[in-house]
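**Q** A structural model of the following input is requested.
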Amino acid sequence: MGILVQREFTVAGDHRREFERQSRLGVWTDMRHNGAQMIAFGGWAFGGPGDVVVTHSAYADFDHWTATRGWGAFATDPERVEETRHIRAIFAGRGRLIEHTGATIIEYDSELSEPTPFYRNSGDELASLPPTYGRQSIMAESRYRLRSESEKEFLGLSTETLWPWLRARDGRMVLYGNDPLTTPDEVVVMTAYRSISAWHQLSTPTGEAAQAFARRQSLIEGEQTRLLMLQTDFGDSV
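**A** Purely as a prediction, here's the structure:
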């Protein structure tokens, strides 16, 4: 299992370009030296507040996340501090651009999800750049409240039919997990698309996947989806 921290930042419109620049060249690169990955940055196109920008940062576990904090093991390791000194100078003023911030967490299944963070030691290879479709692409976050004892079937339909159908049409299955701050019968699925039109076209499977989709929908008691439009080219373009 891994940990995804989803953090919303209130940043004035005039400062958002500079916020992205300092983040891309500084914070997110510094994270790679810690073995962490920032997998998606943007704003809510639909379903979320329009006055924030959002990061999605992946860590191997809670100990890994703790080590990356300002008081954590990485910040007090002299060798690591020296290794990233030039990077940290890039985002020295980033905090002044932020008016407010808040976060939630998702505990995800590493075998079913794209992120590959790890607890990095100084001198090790950096964490890989995450795959991305780039600016104006979409990451959909869907939260499903499942009927009792139905997650196994939900996951089977997804892994055997629906996610392969999505990948065959140039979509990506990014993450599967749950939010430990909500009820245990809720699962979180994140998927990526090259454009909002691609999301709209692929949001309801057709053909051979339609029956599996209908069956999976019958297992869901409640569903909420919001669409993040990416506002950076950070990552490995795919």
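**Q** output the below-cut-off pLDDT ranges for the chain.
**A** Across the chain, nothing is flagged by pLDDT under 70.
**Q** next one: the residue most central in space within the chain from residue 132, what distance?
**A** Against the mean C-alpha coordinate of the chain, by CA atoms, centre = their mean, the closest residue is residue 56 at 3.8 Å. Relative to residue 132, residue 56 is positioned 11 Å away (CB to CB, to the nearest Å). The C-beta positions use only the backbone N, C-alpha and C, and glycine is treated the same way.
**Q** joint contacts of the two?
**A** Counting by CB atoms under 8 Å, 6 or more residues apart in numbering, the contacts common to residue 56 and residue 132 are residue 40.
**Q** got phi/psi on residue 95?
**A** Residue 95 adopts backbone torsions of phi -60, psi -30, taken as degrees, to the nearest 10.
**Q** how about residue 93?
**A** Dihedral pair for residue 93: phi -100, psi 10, per degrees, to the nearest 10.
**Q** distance of the residue located most distally from the centre of the chain relative to residue 84?
**A** Distance from the C-alpha centroid of the chain peaks at residue 78, with 29.8 Å (CA atoms, centre = their mean). Counting by CB to CB, the separation of residue 78 from residue 84 is 11 Å.
**Q** domains of the chain?
**A** What automatic domain parsing lists as the domains of the chain is 2-130, 138-230.
**Q** circling back: didn't the residue nearest to the centre of the chain look like it was pressed against residue 38?
**A** Yes: if you go by CB atoms under 8 Å, residue 56 and residue 38 touch, sitting 6.8 Å apart.
**Q** give me the distance between residue 69 and residue 75.
**A** For residue 69, the distance to residue 75 - CB to CB - is 7 Å.
**Q** ugh, wrong one, I meant residue 188
**A** According to CB to CB, residue 188 and residue 75 sit 29 Å apart.
**Q** likewise for residue 220?
**A** 42 Å.
**Q** could you list every residue that touches the nearest residue to residue 151 once chain neighbours are set aside?
**A** Closest residue to residue 151 apart from its sequence neighbours, by CB to CB, 6 or more residues apart in numbering: residue 187 at 6.5 Å. By CB under 8 Å, 6+ apart, the residues touching residue 187 are 143-144, 146, 151, 154, 176-178.
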